[in-house]
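# got a predicted structure plus its sequence, pasted below:
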Amino acid sequence: MAKFLGLCVVLAALPAFAQEGPVWDPAEFAGANTIELRTVSNEEGEYWFPVWVVVIDDSVFVRLGTRAAERIKFNTLFPDVGVRVGDKEFNRVHAEPASEYAVRVAGAMADKYWTDIFIRWLEHPLTLELVPATVQHPTPLEVEE
């Protein structure tokens, strides 16, 4: 009987140790050259596109050009996007507008990507913080015109 009870305790504890999907690790994003974001629209369905990524104070940020910002704006799942980094895929990540970080993100992009000496002159109307969906609530989207 004691063995049976012990087995029941072990089996009951297993779900607590089970991992539900990949682990969100800002250090992995910091080491990535690019990540991919997924949006969904009524016209073209699911669409994945590469973006540069930086990590500031353990938070993950992307800076989007005009076309990518439009994809986010018309994403039928907003504020959720899909994210791929390396071999990991996250299906529900909040893309939270972070205009207050735009200058810091631009500086971090310049430090990380030497080609930013050219890219920085293009329009970047949207800076986003990427947050796992279980961590924080979304904020309204405002794209600079």
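Looks like it arrived, so ask away.
# please name the nearest non-neighbouring residue to the residue nearest the centre of the chain.
Closest to where the C-alpha atoms of the chain average out (C-alpha atoms, centre = their mean) is L130, at 3.6 Å. Computed as C-beta to C-beta, 6 or more residues apart in numbering, the closest residue to L130 that is not its neighbour in sequence is V60, at 4.4 Å. (Glycine included, C-beta is placed from N, CA and C.)
# packing partners of the helix or strand hosting that neighbour?
Element membership of V60 [criterion: DSSP states H and E] is strand 59-64. In this structure, strand 59-64 makes packing contacts with helix 26-31, strand 45-52, strand 54-56, helix 102-112, strand 126-132, judged by 3 or more C-beta pairs under 8 Å, 6 or more residues apart in numbering; DSSP states H and E.
# now this protein, which segments are flagged as low pLDDT?
In the predicted model, the chain carries pLDDT under 70 at residues 1-20, 116, 122, 124, 135-145.
# before we move on, back to that, how about TSV for the helices and strands packed on strand 59-64, with distance to I72 added?
Listed next are these as TSV, based on distance: least, C-beta to C-beta, whole Å:
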stretch	distance to I72
helix 26-31	18
strand 45-52	10
strand 54-56	17
helix 102-112	15
strand 126-132	6
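# just the ones you listed: most buried one?
Among the helices and strands packed on strand 59-64, strand 126-132 has the highest mean neighbour count (mean count of other C-beta atoms under 10 Å), at a mean of 22.
# relative to the whole chain's centre, how far out is it?
How far strand 126-132 lies from its chain's middle: 6 Å, per C-alpha atoms, centre = their mean, to the nearest Å.
# what number of residues lie near the residue nearest to L130?
As a burial measure, V60 scores 24 neighbours (other C-beta atoms under 10 Å).
# could you check how far it is from A106?
Distance, V60 to A106, using C-beta to C-beta, to the nearest Å: 16 Å.
# try R67
R67 is 18 Å from A106, by C-beta to C-beta.
# ditto for V83
Counting by C-beta to C-beta, the separation of V83 from A106 is 21 Å.
# what's the answer for F90, then?
In this view, F90 and A106 are 25 Å apart by C-beta to C-beta.
# same check on I56?
11 Å.
# quick check: closest non-adjacent residue to R71.
T39 (4.5 Å).
# with V55 instead?
Closest to V55 by C-beta to C-beta, 6+ apart is A30, at 4.0 Å.
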